[in-house]
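*Asks:* Everything below, folded, please.
(4 chains)
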2 protein chains.
Amino acid sequence: MDNMPQYRKLYELLRKNILNGIYEEGSLLPSENELCAVHGMTRPTVRHALDSLVKDGLIIKKQGKGSIVRKPPQNIGILSIAGTASAIGVRYLRTEILQKPEIRPWPEEFPFELSEPEKEAGCIYMERLRFVDGQPVFYDINHLPNLNLPRLTSRSFENKSLFEMLRKHYQVEILGGEQKLKAIIPDRKIKRLLNLRNRTPVLYIERKLITNKEAFNIYSTIYFNSEKHSIYGSF
Amino acid sequence: MDNMPQYRKLYELLRKNILNGIYEEGSLLPSENELCAVHGMTRPTVRHALDSLVKDGLIIKKQGKGSIVRKPPQNIGILSIAGTASAIGVRYLRTEILQKPEIRPWPEEFPFELSEPEKEAGCIYMERLRFVDGQPVFYDINHLPNLNLPRLTSRSFENKSLFEMLRKHYQVEILGGEQKLKAIIPDRKIKRLLNLRNRTPVLYIERKLITNKEAFNIYSTIYFNSEKHSIYGSF
DNA sequence: TCACACAACTTGTATTTACAAGTTATAAAT
DNA sequence: ATTTATAACTTGTAAATACAAGTTGTGTGA
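*Replies:* Below you'll find the predicted structure:
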């Protein structure tokens, strides 16, 4: 963590401060020259950090004006959960790890086609259950290739998003993906996990996320209780 | 176009060449130093251009190796229907217009918030039912504001997509949108329309599509029988 | 033949410097 | 009081330079 490049350290700091509300939405970030002075770096380095924030949609830069803070909606991967009224804050969302990341062979039956490097690498498997207001709504099974992820299986995952972890420690970014959706009647296991009444249908999603790392795709199978909440996505 | 910054000119050029296949997928782009020499710019400028290509997902950079060309990412996801084996060709899809476009007031209860110009314009309403292999799978209800769409209500719609019509005759393009998904047990009407057995769940989608025309959004409510097919989208 | 070291590439990070261009507040001129 | 010009900010573009770090092929040594 100490050998992070300077621009990245500044990026992580600013990102944290924006998400924590230290910089209010709509307000201006300190100017580039100020940031230079405060953190002892030059403008290109500061601008590199700010470029990353722009890419994340966390700030909007205006020539002659400054960098305007913009707090984007919280996502679960690409999709987010929308409540009855509006989007659900992170504070109402609790994540439980049912299966800590462990190295496994790829399943015999797998809904996606794998590339050779992925097959050879073997896979990391994990299961999570997510709660909104204390009720389980989101069960996901994840497979990712075991490529260049030292120590992932031993990292603590509580209260941390898989994506946040991959982003911060392994510089993995989601570029895009594809997904297949169905409405199904869940089997007994899913019914129990999501605490469902009889005959409640669930949303079933098979998803492949493509990242900036070659041959590194994230495969997820998701079961979602859409009785009280909806899957929400913008594009 | 001439007053484009240098990095942008290079970006546009490389982008065009990648999309046209002049640089093959998986091959390496000329190195940064080569690009400097050929186009008479310095490395920071070249890197700025390459950064934009990385952001677009058109190249992946590898330290010590080079910039690997990637196949252009799939288009922004308007959803399509995927069959059991692969994607379904248009030839298997038949569209039936249940309600030809007609001018109506907006519904009292509407899941989306409308802007003032939209409210004042009134709305055009239409219903469609889509068949795959002779079986109904897709029922959609559409509302669009009655703004600058002369003769729309009198146009023939058979075998034509609503979007194709809007694009070709009214220069309407879809810029993006948002959608909410649920799995529900359908009511009697939907069950009859989609020819469903008892207790079959359906996918329910509320969708707002934003277009290039100001205050012109397309609102759809969709019921989808996901028993044999899936909703498929890439992003 | 094989293993290892090294040279010659590649991209990554960072500094320093300069000027262009857009925004805003202030002061001068009308 | 209103308009206008200017100064002092802001971000945008671009050069020249340096070294770090990862990859790959080559050649020398055993």
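*Asks:* From B:M126, how far off is the most centrally placed residue in chain A?
*Replies:* Central residue of chain A (Cα atoms, centre = their mean): A:F163, 3.4 Å from the mean position. According to Cβ to Cβ, to the nearest Å, A:F163 and B:M126 sit 39 Å apart. For every residue, glycine as well, the C-beta is placed using N, CA and C.
*Asks:* and what of A:P201?
*Replies:* Distance check for A:P201 against B:M126: by Cβ to Cβ, it reads 27 Å.
*Asks:* Those two: who's more crowded?
*Replies:* Using other Cβ atoms under 10 Å in any protein chain shown as the criterion, A:P201 and B:M126 rank with A:P201 on top: 26 against 20.
*Asks:* part of a helix, is A:K168?
*Replies:* Yes. Checked against DSSP: H, G, I helix; E, B strand; the rest coil, A:K168 lies within a helix.
*Asks:* Show me which positions of the helix or strand containing A:V38 end up buried.
*Replies:* For A:V38, the element it lies in under DSSP states H and E is helix A:32-39. For helix A:32-39, a neighbour-count test (16 or more other Cβ atoms under 10 Å in any protein chain shown) marks A:32, A:35-36 as buried.
*Asks:* Give me the contact list for that helix.
*Replies:* For helix A:32-39, contacts defined as Cβ atoms under 8 Å, 6 or more residues apart in numbering or on different chains pick out A:6, A:10, A:29-30, A:41-43, A:45-47, A:49-50.
*Asks:* And those residues, which of them are buried?
*Replies:* Buried, going by 16+ other Cβ under 10 Å: A:10, A:29-30, A:41, A:45-47, A:49-50, out of these.
*Asks:* thinking again about what came up before, check for me that the residue nearest to the centre of chain A belongs to a strand.
*Replies:* No. Under three-state DSSP, A:F163 falls outside any strand and is assigned helix.
*Asks:* I'd say it and A:I174 touch.
*Replies:* Yes. Between A:F163 and A:I174 there is a contact at 7.0 Å, judged by Cβ atoms under 8 Å.
*Asks:* For chain A, which residues are neighbours of DNA strand C?
*Replies:* A:5-8, A:40-45, A:48, A:62-65 (Cβ under 7 Å from any atom of the strand).
*Asks:* out of the residues you listed, who's nearest B:R130?
*Replies:* A:K62 (45.0 Å; Cβ to Cβ).
*Asks:* what's the nearest residue to that closest one if we skip its chain neighbours?
*Replies:* A:I68 (6.5 Å; Cβ to Cβ, 6 or more residues apart in numbering or on different chains).
*Asks:* Please report how far that neighbour lies from DNA strand C.
*Replies:* 10 Å (Cβ to the nearest atom of the strand, to the nearest Å).
*Asks:* what's the answer for A:G21, then?
*Replies:* Distance from A:G21 to DNA strand C, by Cβ to the nearest atom of the strand: 23 Å.
*Asks:* For that residue, which three-state class applies?
*Replies:* With three-state DSSP as the basis, the three-state label of A:G21 is coil.
*Asks:* which residues does it contact?
*Replies:* Contacts of A:G21 by Cβ under 8 Å, 6+ apart are A:K71.
*Asks:* redo that, cut-off 10 Å
*Replies:* A:69, A:71 (Cβ atoms under 10 Å, 6 or more residues apart in numbering or on different chains).
*Asks:* just checking, A:N195 is part of a strand?
*Replies:* No. Looking at A:N195 with three-state DSSP, it is coil, so not inside a strand.
*Asks:* Neighbours of it, how many?
*Replies:* Around A:N195 there are 12 residues (other Cβ under 10 Å).
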